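[1] Give me a model of this one.
(one chain, ligands or ions: 1)
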Amino acid sequence: MAHALVLHQVMNVVKPDIRCYDNEDVLVEAAAHLIAERITRLIEEGGECRLALAGGNTPRPVYQRLAQSDLATTVDWTHVHVFWGDERCVPPDDNASNYHMVYSVLLSRVPIIESNVHRIEVERGQGESARRYAEILGNEPLDIVLLGMGDDGHTASLFPDTPELATDERVIPTASPVPPVERVSISLAEINEAREVCVLVSGTDKAQRLAEVQQQIEVGKQTLPTARVQPHSGLLFWLTDAAAARQLSMPNH
Ligand code: 6PG
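    Numbers count the residues shown, from 1 in each chain. From the prediction side, this is the model:
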């Protein structure tokens, strides 16, 4: 009986479609094309695309590539709504702001409609901005959630010791072990409702943790936040470079 239960749990685990590229440049090119294609497909299917973006260093060159005209013109940006997976509690013009980073390298360079840009208004304070952002997200699931992974296995601003990893709330205040400490993050519940989730990971610094996350998924015992990214849709992509993937036991690409 116990054995059957374990099998059932493992069968329910979403195994990511891991796509490993030779180096970071190839990863950036592939990720930008994949995101542009998925946005276009989702607009064709539903009339708009609700896209949640990640902060951090890994996605920045992907956003820069998406802003280049050959790719930017393939996307109907007027039908894209942009959200953030998480925000650091700093002013929106601060260099540490995820809004600031995405705006400066991507949104200021594509014809997006200003009112379709939905930043997390952290200046309202952590609790109030989380509550307000849940309202802004509304009841519709996000279409695409783009995530990164920290070398401790965190994703968005959901850290291994975040107490609310299992919450039903859609947006939560969290604390980062490194500054800026105060964060506001969409929850695992919100991420896992999304139609498609894409995790971007690059560099040797992430290799060990990525292998651990993959191992947790393989055996169906996910504790690290990134391993708990398990969209109900089953559409989970991990895009990595060879450096990050070098300790993966079964890269399938
Ligand atoms: C943030 C994030 C965070 C990030 C990881 C990876 O605001 O910091 O959204 O989850 O994606 O920390 O960051 P790097 O890409 O810089 O390694």
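
[2] Alongside the ligand, which residues does the stretch 51-200 of the chain contribute?
    Within reach of the ligand by CB under 6 Å from any ligand atom, the stretch 51-200 of the chain has these residues: 54-58, 85-86, 98, 148-150, 154-156. (Glycine included, C-beta is placed from N, CA and C.)

[3] what sits against residue 115?
    Contacts for residue 115 (CB atoms under 8 Å, 6 or more residues apart in numbering) come out as none.

[4] can you rerun that using 10 Å?
    Applying CB atoms under 10 Å, 6 or more residues apart in numbering to residue 115 gives the contacts residue 81.

[5] In this structure residue 186 contacts residue 118, no?
    No. Applying CB atoms under 10 Å, one finds residue 186 not in contact with residue 118, separated by 11.6 Å.

[6] in the stretch 151-253 of the chain, which spans are strands?
    Along the stretch 151-253 of the chain, the stretches classed as strands by DSSP state E, counting those that start in this stretch are 171-175, 182-186, 196-201, 236-241.

[7] What pairs with the third one, parallel or antiparallel?
    Sheet partners assigned to strand 196-201 using DSSP bridges are listed as strand 144-148 (parallel), strand 236-241 (parallel).

[8] can you check the first one too?
    Based on DSSP bridges, the strands next to strand 171-175 in the sheet, each with its direction, are strand 182-186 (antiparallel).

[9] Help me confirm that residue 55 comes into contact with residue 148.
    Yes. With contact defined as CB under 10 Å, residue 55 counts as touching residue 148 (7.4 Å).

[10] anything in contact with each of those two?
    With CB under 10 Å, 6+ apart, residue 55 and residue 148 have common neighbours 85-86, 156.

[11] Among these, which one has the most neighbours?
    Neighbour counts for the shared contacts of residue 55 and residue 148, by other CB atoms under 10 Å, peak at residue 156, which reaches 34 neighbours.

[12] For it, give me the pLDDT.
    Model confidence at residue 156, given as pLDDT, is 98.

[13] Ok, the one 4 residues further on next?
    The model reports residue 160 with a pLDDT of 98.

[14] Could you list the low-pLDDT ranges of the chain?
    1-11, 250-253 (pLDDT under 70).

[15] Quick test: name the residue nearest the centre of it.
    Among the residues of the chain, residue 147 comes closest to the average C-alpha position under CA atoms, centre = their mean, at 1.9 Å.

[16] I'd say it and residue 153 touch.
    No. Counting by CB under 10 Å, residue 147 does not reach residue 153; the two are 11.9 Å apart.

[17] shared neighbours of these two, anything?
    Any residue near both residue 147 and residue 153 by CB under 10 Å, 6+ apart counts here, and that gives 225-226.

[18] which residue ranges form the helices in this protein?
    With DSSP state H, the ranges of helices along the chain come out as 2-11, 24-46, 60-67, 69-72, 98-105, 126-137, 188-193, 207-219, 242-245.

[19] Now do the same contact list for the residue of the stretch 101-250 of the chain found nearest the ligand.
    Closest approach between the stretch 101-250 of the chain and the ligand, counting by CB to the nearest ligand atom: residue 148, at 2.4 Å. Contacts for residue 148 were tallied using CB under 10 Å, 6+ apart; they are 54-59, 85-86, 154-156, 199-202, 206, 226.
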